[in-house]
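In: Sequence first, then the predicted structure:
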Amino acid sequence: MGLPDMTSPSPQAREVRLSYTDASARTVYCTEVEVPFPEGSLIVSRTDLQGIITHANQAFVEMSGYQREALIGAPQYILRHPDMPKAAFKDLWDTVMRGEKWHGYVKNLRKDGSYYWVYASVVPNVRGGTITGYTSVRRKPSRVRVAEAAALYEQWIKQEVATS
Ligand SMILES: Cc1cc2nc3c(=O)[nH]c(=O)nc-3n(C[C@H](O)[C@H](O)[C@H](O)COP(=O)(O)O)c2cc1C
């Protein structure tokens, strides 16, 4: 269970210890380098009921910086950025587990410590009335909305730190 620590991409990278909801933890490194969303692409992945990646399209693989083999079977939190509040993902999971669609802005961490913003739509995959997994389709986000989300998430993280 869990993922190995990241390796530091550069001496300037910020080191953060992240704990995940499956009780595992790892050290991640992030830089201030933003990678633009690939023009004209959709970044798509599917997960099982636990959020383990079962499918990733080529754009997902390329943007993550990981090899496809490292992604399939890994938890989707492999991309979790420390600037993302826990509350955003709680809302995502609460919504899709109810069988509803979730939309939101997500800052993702790449293997090399850089990041990219997406506008994600996450839907439950339903077969015969039962949820069998989830699909996320990510589009290029509006810069104005990214700035709003970044400010909001900063506030949420402050509250999470204050109440933890
Ligand atoms: C279909 C699907 C796609 C997801 N995509 C991402 C993603 O791109 N980045 C991310 O950080 N979390 C994503 N998540 C949420 C993760 O499962 C996880 O909740 C999040 O990374 C925070 O980790 P934690 O729940 O262990 O705290 C996705 C979840 C689902 C169901």
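Out: Looks like it arrived, so ask away. None of these values were measured; they are calculated from a predicted model.
In: now for the longest helix anywhere in the chain, which elements pack on it?
Out: For the chain, the helix with the greatest residue count under DSSP state H is helix 143-163. Counting contacts by 3 or more C-beta pairs under 8 Å, 6 or more residues apart in numbering; DSSP states H and E, helix 143-163 is packed against helix 86-97, strand 102-109, strand 115-127. (C-beta placed from N, C-alpha, C; glycine too.)
In: Dump these into JSON lines; add distance to residue 138 and mean neighbour count as well.
Out: Output for the helices and strands packed on helix 143-163, formatted as JSON lines (distance: least, C-beta to C-beta, whole Å; neighbours: other C-beta atoms under 10 Å):
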{"stretch": "helix 86-97", "distance to residue 138": "13", "mean neighbour count": "16"}
{"stretch": "strand 102-109", "distance to residue 138": "7", "mean neighbour count": "20"}
{"stretch": "strand 115-127", "distance to residue 138": "4", "mean neighbour count": "18"}
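In: out of those, nearest to residue 78?
Out: strand 102-109 (8.4 Å; C-beta to C-beta).
In: Would you mind writing the CA trace of that closest one as CSV?
Out: Taking C-alpha atoms only, strand 102-109 is exported to CSV below (Å, rounded to 0.1, in the frame of the first residue of the first chain):
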residue,chain,number,x,y,z
TRP,A,102,-18.4,16.6,-9.9
HIS,A,103,-16.7,19.6,-11.6
GLY,A,104,-13.8,21.5,-10.2
TYR,A,105,-10.4,23.0,-10.7
VAL,A,106,-7.4,20.8,-9.7
LYS,A,107,-3.7,21.6,-9.4
ASN,A,108,-1.8,18.4,-10.2
LEU,A,109,1.8,17.5,-9.3
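In: returning to that earlier point: for the ligand, find the nearest of the helices and strands packed on helix 143-163.
Out: The ligand sits nearest to helix 86-97 of all the helices and strands packed on helix 143-163, at 3.8 Å, using C-beta to the nearest ligand atom.
In: which helices and strands does the closest one pack with?
Out: Applying 3+ C-beta pairs under 8 Å, 6+ apart, we find helix 86-97 packed against strand 102-109, strand 115-127, strand 130-139, helix 143-163.
In: May I see these organised as TSV, with distance to residue 46 and mean pLDDT added?
Out: Output for the helices and strands packed on helix 86-97, formatted as TSV (distance: least, C-beta to C-beta, whole Å; pLDDT from 0 to 100):
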stretch	distance to residue 46	mean pLDDT
strand 102-109	15	98
strand 115-127	7	98
strand 130-139	5	98
helix 143-163	24	96
